[in-house]
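Novice: model the structure of this input:
(chains A and B)
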Amino acid sequence: MMNAHLLLTLPIAFPLAGVALCAMLWAKPGAQRIVSLIASFGLLLSSIALLAAVHDGTVLATQFGAWPAPFGISFVADMFSAAMVLITGLMAVAVGVYGLVGDAKAREQAFYHPLYQGLLLGVTGAFLTGDIFNLYVWFEVMLISSFGLLVLGGTRAQLDAGIKYVTLNLVATTLFLMAVAFTYGMTGTLNMADLSRVLPTLENQGLVTTVAILFLVAFGSKAAVFPLFFWLPAAYHTASAPVVAIFAALLTKVGVYAIIRSFTLLFDGDAGFTGPIIGAVAALTMVTGVLGAAAHFDIRRILSFHIISQIGYMLLGVAIATPLAIGGAILYVIHHIVVKANLFLIAGAIKAAGGSFELKEVGGLYRQLPFLSVLFLIPALSLAGLPPLSGFWSKFVVIKASLDAGHVVLAATGLVVGVLTLYSMLKIWNEAFWKAAPEGAEAALKSWRNDGATRVAMLVPIVTLAAITLTIGLFAEPFADYSMRAGEQLLEKSAYTDAVLGPRSLAEARP
Amino acid sequence: MEPAFALAFGVMVAVAAYLVMSRNVLRIVLGLLVLSNAANLSILLAGRIGERTPPLVADGDTFIATSANPLPQALILTAIVISFSLVAFTVVLFESAHRRLGTLDTEAMREAEPRDDEPAQAAKRPKLVEEPA
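Specialist: Prediction:
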């Protein structure tokens, strides 16, 4: 059994070493590939070890530099953050393998590997840190890597997308920094466990709620919620296939993680005021996302809008804030990351085999590639929430939680949006797989058939993620049980604060 | 002193909001700079200003009663480094976008999201209209 410090540091150490080594090996793309893959596998293995240590409900915490909390920087892993780190490791490996083919050479010359590892570093750090300023730093690590990855090819569309993505995200993180400053000004502390104890004792609770809303705006733009999502559909479809897959899997979910964490641990004091706001935002996010998807005919743009729509379901759980709802939101995040990344990976495969992302320009893939078609249907139908796939259970829990709490409108919105999601998925199915192949599609198919390495590197991650989706769907019990217990642990709070600060009373902790 | 700084913070955020909402990318990057400096000022204010004693613990002591708050300095230093690198990246990105797209006007940049009413060909034509910087 490894000690807590090692367990919490290894998931950061692997991508950090990956960034450093890949940057030093800048002239040797082959060596970078090996280093990047080893670092991704290391992240996956260390995250499995971390999950094994916390799955029974213990919360691990460590203090960097041995400064006692709340003075130093704490790293904390509870059931929720350990699950997020594990899924990050899984995506790191799946997308890492997928990224070895396609335009890999061109990407590698533009520092793909160091940036990829940097993105993983930022995401993992954000999930594990227990310090709100440190969270800001991890956000920025993630952001600067994502800037580089987005404009990797340097095409005109990417530069245009980059401007919008960079500007809106910079404004959002600066707002986050200001919210951190205001929090520090009110409480004199930045440690999240300490904040959780101090914030309810403040006299001016109105100010606390104001700062909570500022955090909601900052994290909400990261999570691409209504009406702060415009950077996402402006940018995602211009990035290359592995980049957009890892973006879709992780970036917005870090925002969702931060919302769930801050509104369970820090700002649950005025739930009567913030709950309805988050609920309205969730409903509008679901609806605008799915309607945006209905209007588009580029596979990547359809899928990008669906990211937004799905974020709404996760926020629904936060808005209702019962143990069932928070557990449902966690289950939804886990299901969604796997499914969404897989859909973008399949979009890349459709482009490779069918020649285009435009639905008008592809077709006939069901006749030619029935295996790929089945692989598309698994995540697509799961996204729409058809039983017995993973999306059904996560939607079921979230909607049941909203009905239990009497939020009929929110539940109905969730159900209708599910049907509209099915419409978008069937649109892709009808156009790309079912209709006859358009003129000139044979060339791409021929090169797909002749290029065994590309096929293997693309299909192995897709099959793996589809298998995970099926597993969550068919054996939902352990996953649902884990999410429910993680949700209870989040609402309990004392496990988290005790692990960081020790089970001391407030008076003892602050002399 | 603090009210004056708070007022300055408000003015800076207002200026930044005005600049960032401009269509000219040059103004946007200036706005981002002002905004990040406003954030730094807010951290300084959050740590309370006024006390000027350096936070040095005298030899033999373990505790210092009154001193300037050292934590905001550390936070701002971190934030300055981060915002400096991000703004540097932004300037390079905007410059290469200007070179490749031939415009500084964000409304004219429709490469990633072409309008429905204009044919895709028109969107692909290089735009030669240049706004005075």
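Novice: who are the packing partners of the helix or strand hosting A:Ala235?
Specialist: Secondary structure from DSSP states H and E places A:Ala235 in helix A:231-235. Using 3 or more CB pairs under 8 Å, 6 or more residues apart in numbering or on different chains; DSSP states H and E as the contact criterion, the elements in contact with helix A:231-235 are helix A:156-187, helix A:299-320. Yep, even glycine has a C-beta here, placed from its N, CA and C like the rest.
Novice: rounded mean pLDDT for that helix, please.
Specialist: In this model, helix A:231-235 carries a mean pLDDT of 91.
Novice: angle of the helix or strand following it against helix A:156-187?
Specialist: Sequence-wise, the next helix or strand downstream of helix A:231-235 (DSSP H and E) is helix A:241-261. If you take axes from the mean of the first three to the mean of the last three CA atoms, to 10 degrees, helix A:241-261 sits at 20 degrees to helix A:156-187.
Novice: tell me the mean pLDDT over helix A:241-261?
Specialist: Per-residue scores along helix A:241-261 average to 94.
Novice: pull the CA coordinates from it and hand them back as CSV.
Specialist: C-alpha atoms of helix A:241-261 as CSV (Å, rounded to 0.1, in the frame of the first residue of the first chain):
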residue,chain,number,x,y,z
ALA,A,241,-9.6,14.7,-34.6
PRO,A,242,-7.6,13.6,-31.6
VAL,A,243,-7.4,17.2,-30.2
VAL,A,244,-11.1,17.7,-30.4
ALA,A,245,-11.8,14.3,-28.9
ILE,A,246,-9.7,15.1,-25.8
PHE,A,247,-11.2,18.6,-25.6
ALA,A,248,-14.7,17.2,-25.8
ALA,A,249,-13.9,14.7,-23.2
LEU,A,250,-12.2,16.8,-20.6
LEU,A,251,-12.3,20.6,-20.9
THR,A,252,-15.9,21.4,-20.3
LYS,A,253,-16.0,18.6,-17.6
VAL,A,254,-13.3,20.4,-15.6
GLY,A,255,-15.8,23.4,-15.5
VAL,A,256,-18.6,21.0,-14.4
TYR,A,257,-16.3,19.5,-11.8
ALA,A,258,-15.5,23.0,-10.4
ILE,A,259,-19.2,23.9,-10.3
ILE,A,260,-20.1,20.6,-8.5
ARG,A,261,-17.1,21.0,-6.1
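Novice: is it in proximity to chain B?
Specialist: No. Judged by CB under 8 Å from any CB of the partner chain, helix A:241-261 stays clear of chain B, getting no closer than 12.6 Å.
Novice: near chain B, which residues of the stretch 201-350 of chain A?
Specialist: Counting by CB under 8 Å from any CB, the stretch 201-350 of chain A sits next to chain B at A:233-235, A:237-238.
Novice: A:Ala82: which of these is nearest?
Specialist: A:Ala235 (30.1 Å; CB to CB).
Novice: okay, now the closest one: neighbour count?
Specialist: 28 (other CB atoms under 10 Å in any protein chain shown).
Novice: and what of B:Ala4?
Specialist: Counted with other CB under 10 Å, the neighbours of B:Ala4 add up to 8.
Novice: so, in contact with chain A or not, the helix or strand where it lies?
Specialist: Using DSSP H and E, B:Ala4 falls within helix B:2-20. Yes. Using CB under 8 Å from any CB, helix B:2-20 reaches chain A at B:Val20.
Novice: so for that helix, mean pLDDT?
Specialist: Mean predicted confidence for helix B:2-20 is 94.
Novice: which helices and strands sit right next to it?
Specialist: Using 3+ CB pairs under 8 Å, 6+ apart, helix B:2-20 sits against helix B:25-46.
Novice: just how off-centre is the helix it packs on within its chain?
Specialist: 4 Å (CA atoms, centre = their mean, to the nearest Å).
Novice: then stretch A:155-171?
Specialist: 20 Å.
Novice: contacts for it?
Specialist: A:143, A:146-147, A:150-152, A:221-222, A:228, A:230-231, A:234-235, A:237-239, B:20, B:25, B:28, B:32, B:35-36, B:86, B:89-90, B:93-94, B:96-97, B:100-101, B:106, B:109-112 (CB atoms under 8 Å, 6 or more residues apart in numbering or on different chains).
Novice: give me the buried subset of those residues.
Specialist: If you count burial by 16 or more other CB atoms under 10 Å in any protein chain shown, the buried members of the contacts of stretch A:155-171 come out as A:143, A:146-147, A:150-152, A:221-222, A:228, A:231, A:234-235, A:237-239, B:20, B:25, B:28, B:32, B:35-36, B:86, B:89-90, B:93-94, B:97, B:100-101, B:106, B:109-112.
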